[in-house]
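Novice: Next input, structure requested:
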Amino acid sequence: MPTPTCIFFAPPGTRLHDHAAMLEADGSIDLACLTADPIEFVDEVRANRPDIVVADLGDDPEAVLDLLEKLPTPRPRLLVQGPADQSAAILRAMRMGVREYFEEPPSEEQFRFAITALASEIVPESGGSKPARVVAVMGAKGGVGATIVACQLAASLRAGGARTAVVDLNLPLGDVSLYFDVQPAYTIANIAREIDQLDATYLRTLMQGRPDGVQILASPSQAEEAELVRGSHVENVLELLRQDFDWVILDVSRTWSEPTVRALDLADQILLVTLMDVPTLHHTRQHIDLLERLGHSGKRIRLIANRYSSTDPVTDKDVSDFLDREPDFRIPNDYPTTVASVNRGVSVAEVSPRSAVARAYAELNRCLHTWSDREPPAVEARGAFARAANLFRRT
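Specialist: Down below sits the predicted model:
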């Protein structure tokens, strides 16, 4: 039986805290994290993808259950300890899929038995694919080129051999299908209307794109259809896509709607696209502040400077002074190549494979692998550019 990776959310001095130390010491579990800090807890679950999460509901069960609901899907197996006199909390926990609810602190024997039972369900990995990493691409304001970044990055990932999907959550009237020169027969609005039918097979029928290319779940073609899409629809879609793809790129709206907030909650990485000018950086700081208030912090947020030029009047030092951080990645300003790419519905690699902007997206691909704890693709550059060109060709 494999050793389960566990994360504990429990304050010091509790019995769960003691059990965690005991099971780690005798090799029964691989303890990835033991914390009572909500932000650290969510970050560690996203980073480690544990098999089991153990949580103490404490004096505020609803707040801890809210925290558990924010965990990325598919959620790890949940084991909780909580009060016996709060039937609403117990019912909610069961509906969330909690596998074991201790109404009083468990004994060592009870706890070990529960962990062993959950560990017996874990199938050891046999070299198969891991669940997809989900990357949300968000613009700090309109016109910064976030959709272009999302599409070009997706093409680069697919060129390296990764199964890649793009979900257009730029509601309403997103442009992902336009940039790939695809006319979608179905959109995410179909899922909202027919959520009872949603499974992996049905979702595959809604995806657009070449069989060997990037797969697209398009934004609704009519503005009023965007009102149908809810955060729960986003969660259901991502739960299925994680199993079928290596990477899922989300082109999210810069407005803080329910689908956007849920998408950001479920993303492993958030790429915030900005420009090197004062108005855009002002919006960037507002977005970073709000993301941090929502529990997104640290290395999950990556700042992408688009249309970057060494002659920009705003320097990296200015950005550092204003945002307390420098850009994590810079995409060079190449207006002719980028516009030609958009107008023709092809990648920048096909328009100009040796250009600095084409090389930049290949490098962003490698950086994203590193940020996501994935092995960077070992692809010879010119071959990658050629494949990216094919993936963007008209369908």
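
Novice: tell me the contacts of the residue positioned nearest the centre of the chain?
Specialist: For the chain, the residue nearest the mean C-alpha position is Ala267 (1.9 Å; Cα atoms, centre = their mean). When the contact criterion is Cβ atoms under 8 Å, 6 or more residues apart in numbering, the partners of Ala267 are Val134, Val135, Ala136, Leu250, Arg300. Where you see a C-beta, it was placed from the backbone N, CA and C, and this is true even at glycine.

Novice: Per-residue confidence, Glu125, what does it come out as?
Specialist: On pLDDT, Glu125 comes in at 48.

Novice: Just name the shakiest helix or strand of this structure by mean pLDDT.
Specialist: Every helix and strand of the chain was ranked by mean pLDDT, DSSP states H and E. The lowest is helix 381-392, at a mean of 48.

Novice: hey, where'd the helices end up in the stretch 1-150 of the chain?
Specialist: 15-25, 38-48, 61-69, 87-95, 108-119, 146-159 (DSSP state H, counting those that start in this stretch).

Novice: what's the angle between the third one and helix 87-95?
Specialist: The directions of helix 61-69 and helix 87-95 differ by 10 degrees, with axes from the mean of the first three to the mean of the last three Cα atoms, to 10 degrees as the criterion.

Novice: Determine the set of other helices and strands touching helix 61-69.
Specialist: Judged by 3 or more Cβ pairs under 8 Å, 6 or more residues apart in numbering; DSSP states H and E, the packing partners of helix 61-69 are helix 38-48, strand 52-56, strand 77-81, helix 87-95.

Novice: looking at those, which is closest to Tyr308?
Specialist: helix 38-48 (28.2 Å; Cβ to Cβ).

Novice: which outside residues touch that closest one?
Specialist: By Cβ under 8 Å, 6+ apart, helix 38-48 touches 5, 7, 9, 32-33, 35, 53, 67, 70-72, 76, 268, 295, 297-298, 300, 373.

Novice: In ChimeraX, select just the buried ones from those.
Specialist: Typed into ChimeraX, the line below selects the buried ones among the contacts of helix 38-48, using 16 or more other Cβ atoms under 10 Å:
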select :5,7,9,32,33,35,53,67,70,71,72,76,268,295,300
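
Novice: which residues pair with Tyr308 across the strands?
Specialist: Note on Tyr308: beta-bridge partners by DSSP bridges are Pro332.

Novice: In contact with it: list those residues for me.
Specialist: So Tyr308 contacts Met276, Pro327, Arg330, Ile331, Pro332, Asn333 (Cβ under 8 Å, 6+ apart).

Novice: Can you tell me which of the residues you listed lies closest to His282?
Specialist: Out of the contacts of Tyr308, the member with the shortest distance to His282 (by Cβ to Cβ) is Met276, at 12.4 Å.

Novice: would you say the closest one is within a strand?
Specialist: No - Met276: not assigned to a strand; according to DSSP: H, G, I helix; E, B strand; the rest coil it is coil.

Novice: That one and Lys317, how far apart?
Specialist: 12 Å (Cβ to Cβ, to the nearest Å).

Novice: now Ala165
Specialist: Taking Cβ to Cβ, one finds Ala165 at 38 Å from Lys317.

Novice: more neighbours, the two?
Specialist: Ala165 (27 against 9; other Cβ atoms under 10 Å).

Novice: Okay, and the beta partners of the more buried one?
Specialist: Applying DSSP bridges, one finds that Ala165 bridges with Gln215, Val248.

Novice: show me where pLDDT drops low in the stretch 1-150 of the chain?
Specialist: By pLDDT under 70, the low-scoring segments of the stretch 1-150 of the chain are 1-2, 73-74, 121-129.

Novice: how does it look with 80?
Specialist: For the stretch 1-150 of the chain, the stretches with pLDDT under 80 are 1-2, 72-75, 95-97, 120-130.
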